[in-house]
Structures are given as C-alpha cells and as structure tokens.
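1. one predicted model, sequence on top.
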Amino acid sequence: MSNSKTLKIAVIGGDGTGPEVVAEAVKVLKAVAPLEGISYQLQQFDYGGERYLRTGEVLPEGALDELRKFDAILLGAIGHPQVPPGILERGLLLELRFRFDQYINLRPVKLFPGVETPLKDKGPEDIDFVVVRENTEDLYCGMGGFLKKGTADEVATQVAIYTRKGCERCIRWAFEYTRKRNKKRKLTLVAKTNVLTYGHDLWWRTFQEVAQEYPDIQTDYNHVDACCMWMVKNPEQYDVIVTTNMFGDIITDLAAIIQGGMGVAAGGNINPQPGGTSMFEPMGGSAPKYTGLGAINPIAAICACAMMLEHAGHQRAADRILHAVQVVTGTKMKSQAAGRMGYTTSQVGDLVCEAL
Ligand code: IPM
Ligand code: MN
C-alpha cells in the first residue's frame, strides 16, 4: 500500500466496552494522522450483539461486500450476555477472518516499561516476541457433526483441516516477517508432531522445506505443551513463533498475560494480498459489566491501531504511537488493570495523544 493513498477504515465498536476503547484508538489516529501526513476515511458500523438481538441477524445482507471495500477494519469487541456463545463469534469474527481470507493472526507480545508481568525476574528485555497464528484452518473450519444427538450413544466429530497451501502461505509469511523484524532472526514452529502425525506432519515437512529458502533465519521446534512451559520459564528464547490456529489461540492468551494482560494485548487478522481487507482488534473481550464506566484500558485498542497503520505502510506513525504508549505506561499509569489505571479510559487516550 502506498503512503499517499487514503486509508479506508471501517470501525466496528461492537459490544460492551468495545466502542469505548475503539473511540480512544480513533482519537489517537486523529492525532497522529496530521503529524505524519496520513489521509484516512472512517466509517462506523453497528454490528454486534445489540443489533443481532434487534434484527435476528449478525451481519446483514450485503455487509461483506460493503466491508470488502475497506482497507482495514478496526474492531472493538464482540460478546453479549444475552446472546448464546458462538453466534457472534462464528457470525462476525470468524466469518470476517474466513471470508476475507485473513490467514495471518499476528500477535506481538511485548512487555512495555512500567507494565507488570506475573513472571518473576523478567523485564521488557526478556519478553519481546511475536506469535504468527494460522487463522483460517484447523479445528476452526467448523466441520463435523453429531450422530444420535441427545442419546446415550451420541457421537460428535470436530474435524481439523490442514492444507498444504494454508500452512505454506502462513509459514512463508512468518519467515519473511522474522527477516523483516530483524531481531534474533529465529523462527520457532510450535505444533504437536508426536501425536498429530498427519496434520502436523504436513506442517513439519512444509516448515523444513520453506526453511531452505531462508538460510539466514535460525529455526527451532517446540511441542505446544513444552512451549507453554518455556514461555513462562524462558520467554527470552523466542523471537517469532509460527503455529496452527487452535494452538495459536491457546498460547496467545498465555502470552497476553505475561505481557501484562488483556488491557495491553492487541492482534491483527491479516490478509497480506494487495487489496486484502485486514482487521485489527484489542484481545480483551467486551467486559459488559464495565460498560460506560470508563474503567477499561484502551492501550490494547491503541496498539491495534498502530498495527493497522504499520500494515498500511505507515511505519513511522506506528512507531510513534508505540513510543507514546510506552511513555504513558512507563511514567503515568498505575496499573493496566480495569479500574486501577489511575485514569479513565478517555484520559489514557488523551495521555497517549499528548505523548505523540
Ligand atoms: C481470539 C478469540 C477468538 C478465537 C474467539 C472469540 C472466537 O479467542 O481471537 O483469540 O478463538 O480465535
Ligand atoms: Mn483466543
């Protein structure tokens, strides 16, 4: 994407506290854009639980065609106490990931200054890695079914799909990313080859083959269970991790807590193709009980906005936001926890803008 082009951004605040944190991300975008000469257009969409309860549909007819016209989607959070689990997740979040072929789920894991980690004796120099999670296959494909449902003989299947194309494009992207990141230049594959002897054998073979094209990148392999242990014991051993969808979901929550929790963790759902529509989101949920209290930390949403700008080619603006965020976490905020920041949601947004 060229730097002079107008960035078209769809904003889906979503449910609960989603709109509040997204408003702070938009505030920071508005502040950084003139400083870095970024031209953008915003359009708000009211998709989420409330709209579903009102209309009975998660995404209305034509919504995908409408959203496809945007370069990026900034998403707050989805999840509503009156909507049964799975409906909004499948109908909105996973639908957009799949339909827009956002095959990379990118999760930077960085401990910012002043942010507390539950890991003893670990600091910002130890916790700085990135997880590249495949985002369109595996157990998330929604294949399976019931036999004799509700009887004593019930059978349920939930199928994990892995394709050569799907794992290769993700692995290749991860190698490229590791090279571009240019830190330890090390890529660790996380899987479970000792048990998932078909699907993860495909991942393993593909990883070895693609690695031949990147002799400058050191490779490593962890079983997923061991990875959970190492991430707590020696997080400094990681630079970039590439992994499957389901395992990536699990290890990125572990990663989020070691970087200071849901208040700071951001993620991107990326379609790397030219013209692809990518989606950026804070990792925290909709936290309905905090709605309207100004208690939720907007740092994650602001970091999601920085990721969006980086993906759009505005690296300097992204760096500027991340720098400002670290000034605020390092010198202003008391805590990253909801209600204990020492500031309201909107004041934290103001502080980041001032620090730009
Ligand atoms: C995430 C979330 C989603 C996932 C849920 C909400 C469907 O946990 O983005 O990590 O499982 O991918
Ligand atoms: Mn998750």
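-> Yes, it's here. Quick caveat: nothing in here was measured; it's all calculated off a predicted structure. Ligands and ions are numbered 1, 2, ... in the order given.

2. neighbours around residue 327, how many?
-> 18 (other CB atoms under 10 Å). Every residue, glycine included, has its C-beta placed from N, CA and C.

3. against ligand 1, how distant is the nearest residue to it once chain neighbours are set aside?
-> In this structure, residue 327 finds its nearest non-sequential neighbour in residue 355, 4.2 Å apart by CB to CB, 6 or more residues apart in numbering. Remark: distance between residue 355 and ligand 1 (CB to the nearest ligand atom, to the nearest Å) = 28 Å.

4. tally of neighbours for residue 355?
-> Neighbours of residue 355 using other CB under 10 Å come to 19.

5. now it: phi and psi?
-> phi -80, psi 0 (degrees, to the nearest 10).

6. quick one, what contacts it?
-> With contacts defined as CB atoms under 8 Å, 6 or more residues apart in numbering, the neighbours of residue 355 are 323-325, 327-328.

7. how about a cut-off of 6 Å?
-> Going by CB atoms under 6 Å, 6 or more residues apart in numbering, residue 355 touches 324, 327-328.

8. from those, which land in helices?
-> 324, 327-328 (DSSP state H).

9. would you map the helices across this protein?
-> Going by DSSP H, the chain shows helices at 18-36, 49-55, 63-67, 87-88, 95-99, 164-181, 199-211, 224-233, 245-258, 299-311, 315-331, 345-355.

10. and the second one, what's buried?
-> Neighbour-count burial for helix 49-55, counted by 16 or more other CB atoms under 10 Å, picks out 49, 51-52.

11. which outside residues touch it?
-> Contacts of helix 49-55 (CB under 6 Å, 6+ apart): 15, 58, 80, 83, 88.

12. closest to residue 149 out of those?
-> Distances from residue 149 to the contacts of helix 49-55, taken as CB to CB, are shortest for residue 83 (22.4 Å).

13. neighbours of the closest residue to residue 159 other than its chain neighbours, just the number please.
-> In space, and not counting its chain neighbours, residue 159 is closest to residue 143: 4.1 Å by CB to CB, 6+ apart. Using other CB under 10 Å, residue 143 has 11 other residues around it.

14. how much space separates residue 143 from residue 162?
-> Separation of residue 143 from residue 162 (CB to CB, to the nearest Å) stands at 12 Å.

15. repeat that for residue 294.
-> Taking CB to CB, one finds residue 294 at 44 Å from residue 162.

16. neighbour count: those two, which is higher?
-> Just comparing residue 294 and residue 162: by other CB under 10 Å the higher neighbour count belongs to residue 162, 20 against 16.

17. shouldn't the more buried one be in contact with residue 199?
-> Yes. Between residue 162 and residue 199 there is a contact at 4.1 Å, judged by CB atoms under 6 Å.

18. reformat the buried residues of helix 49-55 as JSON lines; add pLDDT.
-> JSON lines is the format used below for the buried residues of helix 49-55 (pLDDT from 0 to 100):
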{"residue": "49", "pLDDT": "96"}
{"residue": "51", "pLDDT": "96"}
{"residue": "52", "pLDDT": "97"}
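
19. any idea how many residues pack against the residue lying closest to residue 76 once chain neighbours are set aside?
-> Once flanking residues are discounted, residue 76 sits nearest to residue 18: 2.5 Å by CB to CB, 6+ apart. With neighbours defined by other CB under 10 Å, the count for residue 18 comes to 28.

20. list the contacts of residue 18.
-> 76-77, 286.

21. for residue 111, same thing?
-> 117, 124, 127, 259.

22. gap between it and ligand 1?
-> 20 Å.

23. how far away is that residue from residue 204?
-> Residue 111 is 30 Å from residue 204, by CB to CB.

24. and if you look at residue 190?
-> For residue 190 relative to residue 204 (CB to CB), the value is 11 Å.

25. these two: who's more crowded?
-> For residue 190 versus residue 204, neighbours defined as other CB under 10 Å are more numerous around residue 190 (27 against 17).

26. quick one, what contacts that one?
-> 222, 224, 227, 241, 243.

27. which strand residues bridge it?
-> residue 222, residue 243 (DSSP bridges).

28. got the CA coordinates for stretch 331-343 in PDB?
-> Only the C-alpha atoms of stretch 331-343 are listed here, as PDB (Å, rounded to 0.1, in the frame of the first residue of the first chain):
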ATOM      1  CA  THR A 331       5.600   7.200  33.500                       C
ATOM      2  CA  LYS A 332       1.900   7.700  34.000                       C
ATOM      3  CA  MET A 333      -0.300   4.700  34.500                       C
ATOM      4  CA  LYS A 334      -0.500   3.000  37.900                       C
ATOM      5  CA  SER A 335      -1.700  -0.300  36.500                       C
ATOM      6  CA  GLN A 336      -3.000  -1.900  33.300                       C
ATOM      7  CA  ALA A 337      -6.000  -3.500  35.100                       C
ATOM      8  CA  ALA A 338      -9.500  -2.300  34.600                       C
ATOM      9  CA  GLY A 339     -10.400   0.400  37.100                       C
ATOM     10  CA  ARG A 340      -6.900   0.600  38.500                       C
ATOM     11  CA  MET A 341      -5.100   2.700  35.900                       C
ATOM     12  CA  GLY A 342      -5.200   5.900  37.900                       C
ATOM     13  CA  TYR A 343      -7.000   7.400  34.900                       C
END
